[in-house]
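>>> For reference, the sequence and a predicted model appear below.
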Amino acid sequence: MYIDTHTHLNDPQFKDDFEAVLSRAKNAGVQSFIVSGYDQKSSHLAVSMAEKYPQIYATVGLHPSEVNPDTINIDWIGNLVSHPKVIGIGEIGLDYYWDDSQKQLQKEMFLKQIELAKKHQLPVVVHSRKAIEDTYNILEQTKHYGIMHCYSGSLEMAHLFIKLGFLLGIGGVVTFKNAHLRDVVQQIDLNCLVSETDAPYLAPHPYRGKRNEPQYLREIVNEIALIKQVSSEEVQKKLIQNTQLMFARLKL
């Protein structure tokens, strides 16, 4: 069995075949989904999905690429976190890849959302792209815990994040032949990993370039098992345990 710890079933790409996507995932052994919000609308939708489907949970937050002077009021996050099926705050963080003109504002909003997570004793789900050092510095300063979503940093940085209390979210990139993430997974203890798809993005091999779905999570887990040279069943069991320890509100 599998848990997809980070998926965007709230993305418009799933609007027309949502039930079929859930059915295919169930048939592939995916027992639970954590649907991640990235702005106010997507976060509310994630919560609505969690209310309707027992196998779905939600995280809510403002993605760094959505940060601008018009989105700095995040009272809506405070209104959502008391919901029993909101199990974390995310995805939040820093992203300097597309636009680094809002660096300071991104940092401020990242800090505000971490403080909210600390107040409500919820983990954070962190997005970091071309901003790994700033991300680490803020997390080291705030002393919180969570998941480094779609981890793409170095082995050295992986160890540093783990020391802060973070797990590494491993997605489809681990199946790419020359991805350095494979070396990170090989060297990092299985206790420090969780599995995710980030669907509809970053589909694993052999579906690369197509719309990603939670059903493909088994490809990711099987690849982790191959890299670690252990059975897929052992990896499945450990990743579920890791996820349950991180998300206290998750009920399986």
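Okay, I see it. Residues are numbered from 1 along each chain as shown.
>>> In contact with Gln215, which residues?
Residues in contact with Gln215 (Cβ atoms under 8 Å, 6 or more residues apart in numbering) are 21, 24-25, 27-28, 30. Any C-beta I mention is one placed from the backbone N, CA and C, and that applies to glycine too.
>>> confidence score at Lys41?
pLDDT, Lys41: 98.
>>> got a list of what it touches?
By Cβ under 8 Å, 6+ apart, Lys41 has no neighbours at all.
>>> same thing with Ile87?
Taking Cβ under 8 Å, 6+ apart as the test, what Ile87 contacts is 34, 57-59, 122-123, 247-250.
>>> just to revisit the earlier point, out of the contacts of Gln215, who's nearest Glu66?
Val21 (24.0 Å; Cβ to Cβ).
>>> And the helices in the protein?
Secondary structure of the chain (DSSP state H): helices at 18-27, 40-52, 75-80, 103-119, 132-142, 155-163, 181-187, 217-228, 232-246.
>>> Please check the contacts of Ile87 and keep the buried ones.
34, 57-59, 122-123, 247, 250 (16 or more other Cβ atoms under 10 Å).
>>> Would you reformat the helices of the chain as a markdown table and include distance to Gly171?
Below are the helices of the chain laid out as a markdown table (distance: least, Cβ to Cβ, whole Å):
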| stretch | distance to Gly171 |
| --- | --- |
| helix 18-27 | 15 |
| helix 40-52 | 18 |
| helix 75-80 | 24 |
| helix 103-119 | 21 |
| helix 132-142 | 17 |
| helix 155-163 | 15 |
| helix 181-187 | 9 |
| helix 217-228 | 6 |
| helix 232-246 | 12 |
